[in-house]
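**Student:** Would you be able to build a 3D model of this:
(one chain, ligands or ions: 2)
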Amino acid sequence: MPMTPEEVQLLRDLMEYEAARSAPPAGFPRLPDLPAGRYTDQRFFDLELKYIWRKSWLLAAHLDELPEPGSYIYWDCAGQPVVLIHGDDGGINAFYNTCSHRGAPVVTEKSGRKKRFTCPYHGWVYDRRGSLCAIRDPQDFRDLDFSTRGLKPVRCERFGNLVFVNFDSGAPGLLDWLGPIANEWQEFQFDTCRLAARHVFELDCNWKIAMEANTEVYHVRSIHPATVAPILDDRRNVNTLYPNGHGRMVAPTPPGKAALDALPVSPDIARIDTVGEIARSCTQSYGLFPNWVSPLSQYAIPPILFWPNGINKCRMETWTMAPAWKEGFKPDFWAENDGAELCAVLKEDTQFGEKIQRSMESSGFSGVPLSYQEARIYHWNQAADRLIGIENIPPELRVEQVITDEWIYPNDPRRALLGNKP
Ligand code: FES
Ligand SMILES: [Fe+2]
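**Tutor:** Ligands and ions are numbered 1, 2, ... in the order given. Presented below is the predicted three-dimensional model:
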């Protein structure tokens, strides 16, 4: 549901507090340098693969890509081969795309629709629930138990039309993982949004370098002077740190500039009617741990996702979800010419990735000193270490856990600094 008037006022007051302060808030910790090895050391990359990419909820698909029973897509963004299948009961199920016989891929196309899934190697047949239902020459196997030879399931849950997967059977449910964000996102109607565009771009840097360019507004005046800076007042930005490493930024337009909802937009763009005042009038962006960054507005839900592709390469996926659009018009928030290239803002954001990677690999760089403005990056790294298990990380690659729970939503010591506001 949209924020209450009190919540809106609190955010407005916090914006003024941020603009007026002359130092980080009292009690906010000094942030120790992030070790450069977190972007360059294969040991840390391997820990990420083993823990972060196996234990987090990951956005894999939109229901529009799996529209009817039997629809399937192949998905391997997180380094594990997965097939997502729309079941006969309307639910979406995920499985390793790994035949239980000798490991051949059960689906070989990116997407399609099937009643049954027949392995192309020796013809074992699975149904839409992943159960093994037939094999060739069964008389030649002794005591083959079909009930234990189905496709191995991967956890799969939906948030509205979005399909998430998690490789950890012990992970919390998706709603617990999202925490307060699940409620805050009700206003965006994820259960009705359509998928308008989804593209992939290869970048020559560690996935976190690319993501972090979208996790702070400290860079806005330098690299977005003509695109973002005119509509975003970075000194009034309010960061919120949520449990599990998630975060949010909200910034109004600069003083004297019209609010975002007063700016002209194409009449072809539909609105999400339930979006509240803050998301209509300000730039609001959420970071969902580990790899989703998205502004959310009354016009579109356009997440950018970052996927590892080796220590010094990554894939950036750009999605645009929007209310139903008019015939002949397809919203695409981040790419141009149907995904041929990035839009101007993301070109600006990604322009230094490769050079930063080279810097971090050089002897000339040892660590990243972060400011209070960049606290969401530090918060992410603390959560990453806790998910990996701090004791599993070589000491020289850890971050210190200096941001304490008093700074994690719903706690916020800044409120006390506003006077007696709630
Ligand atoms: S590997 Fe699939 S049937 Fe043999
Ligand atoms: Fe940016």
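
**Student:** contacts and neighbour counts: CA atoms only from here.
**Tutor:** OK.

**Student:** so what's the residue most central in space within the chain bridging to?
**Tutor:** Nearest to the geometric centre of the chain sits Trp292, at 1.3 Å (C-alpha atoms, centre = their mean). Beta-bridge pairing of Trp292 under DSSP bridges involves Leu288, Leu305.

**Student:** and the stretch 51-200 of the chain, which of its residues are near ligand 1?
**Tutor:** Counting by C-alpha under 6 Å from any ligand atom, the stretch 51-200 of the chain comes close to ligand 1 at 99, 101-104, 119, 121-124.

**Student:** Enumerate every residue touching the residue nearest to the centre of the chain.
**Tutor:** By C-alpha atoms under 8 Å, 6 or more residues apart in numbering, the contact list for Trp292 reads 59, 286, 303-306.

**Student:** Which two of the residues of the stretch 51-200 of the chain next to ligand 1 have the greatest separation?
**Tutor:** Gly103 and Gly123 (12.2 Å; C-alpha to C-alpha).

**Student:** More neighbours: the two, which one.
**Tutor:** It is Gly123, of Gly103 and Gly123, that has more neighbours when counted by other C-alpha atoms under 10 Å, with 16 against 12.

**Student:** Using the three-state scheme, assign the most far-flung residue of the chain relative to its centre.
**Tutor:** Largest separation from the mean C-alpha position in the chain: Gln139, at 48.2 Å (C-alpha atoms, centre = their mean). Taking DSSP: H, G, I helix; E, B strand; the rest coil as the rule, one finds Gln139 in the helix state.

**Student:** doesn't Ile311 make contact with Phe45?
**Tutor:** Yes - if you go by C-alpha atoms under 8 Å, Phe45 and Ile311 touch, sitting 6.1 Å apart.

**Student:** For ligand 1, what is the nearest residue in the stretch 151-300 of the chain?
**Tutor:** Leu151 (10.5 Å; C-alpha to the nearest ligand atom).

**Student:** All the helices of the stretch 101-250 of the chain, residue numbers only.
**Tutor:** 174-178, 180-184, 207-212, 220-223 (DSSP state H, counting those that start in this stretch).

**Student:** any chance you could map the strands in the stretch 151-300 of the chain?
**Tutor:** Remark: strands assigned in the stretch 151-300 of the chain by DSSP state E, counting those that start in this stretch are 153-159, 162-166, 194-203, 238-241, 247-251, 283-288, 292-295.

**Student:** would CSV of those strands with mean pLDDT be doable?
**Tutor:** Listed next are the strands of the stretch 151-300 of the chain as CSV, based on pLDDT from 0 to 100:
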stretch, mean pLDDT
strand 153-159, 98
strand 162-166, 98
strand 194-203, 97
strand 238-241, 98
strand 247-251, 98
strand 283-288, 98
strand 292-295, 97
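
**Student:** Identify whichever of those strands lies nearest to Glu406.
**Tutor:** With C-alpha to C-alpha as the measure, strand 238-241 is the member of those nearest Glu406 (10.2 Å).
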